[in-house]
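[1] Just a sequence and a predicted model for now, questions to come.
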Amino acid sequence: MAKEVTKIIKLQIEAGKATPAPPVGTALGPAGVNIGEFVNQFNNQTRELMGNIVPVLLTVYKDRSFTFIVKKPPASRLILKKLGMEKGSPKPQNKVGKLTKQQLEEIAQEKMEDLNAPDLEQAKKVIAGTARSMGIDSEI
């Protein structure tokens, strides 16, 4: 018999550096999750992604146990990292960088499993749209 789900929590945490302090503690405390156990499991699982902020989908069950899924970093973070930038343009019409076809394809391949796209060409269009909203041109 399946466990009864009481809560689903979405967080974005720096890989390998979760601590019981906010925002983790404040999100998990009211759900009754053992914060220390989550922090240890999360840090062990994301050690190789160190330096990236990763989305986490945490499912809390009635008996206060939990499971979590670590997703790929957000597309915007991958784009900025690929270009070596801190942030995009506050106004999309002010261009601050350009992605090459190869960079666009690399990001699309890395993010593919989290995207709602049937193939790589569509995934590249999704990533290009994200880049465009950040003031970054791309070659499609």
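    In hand now; what should we look at?

[2] Which other helices and strands does the top helix by length along the chain contact?
    Counting by DSSP state H, the longest helix found in the chain is helix 120-133. With contacts taken as 3 or more C-beta pairs under 8 Å, 6 or more residues apart in numbering; DSSP states H and E, helix 120-133 sits against helix 75-83, helix 101-111, strand 136-138. No exception for glycine: its C-beta is placed from N, CA and C like everyone else's.

[3] for I9, helix, strand, or coil?
    Classification of I9 using DSSP: H, G, I helix; E, B strand; the rest coil returns strand.

[4] The one 10 residues further on too?
    When the structure is split into helix, strand and coil by three-state DSSP, T19 lands in coil.

[5] which non-adjacent residue is nearest it?
    Nearest non-adjacent residue to T19, counting by C-beta to C-beta, 6 or more residues apart in numbering: V39, 6.4 Å away.

[6] cool, P90 as well?
    Nearest to P90 is G135, by C-beta to C-beta, 6+ apart, at 7.9 Å.

[7] Please look at that neighbour and V96 and confirm they touch.
    Yes. Counting by C-beta atoms under 8 Å, G135 does reach V96; the two are 4.8 Å apart.
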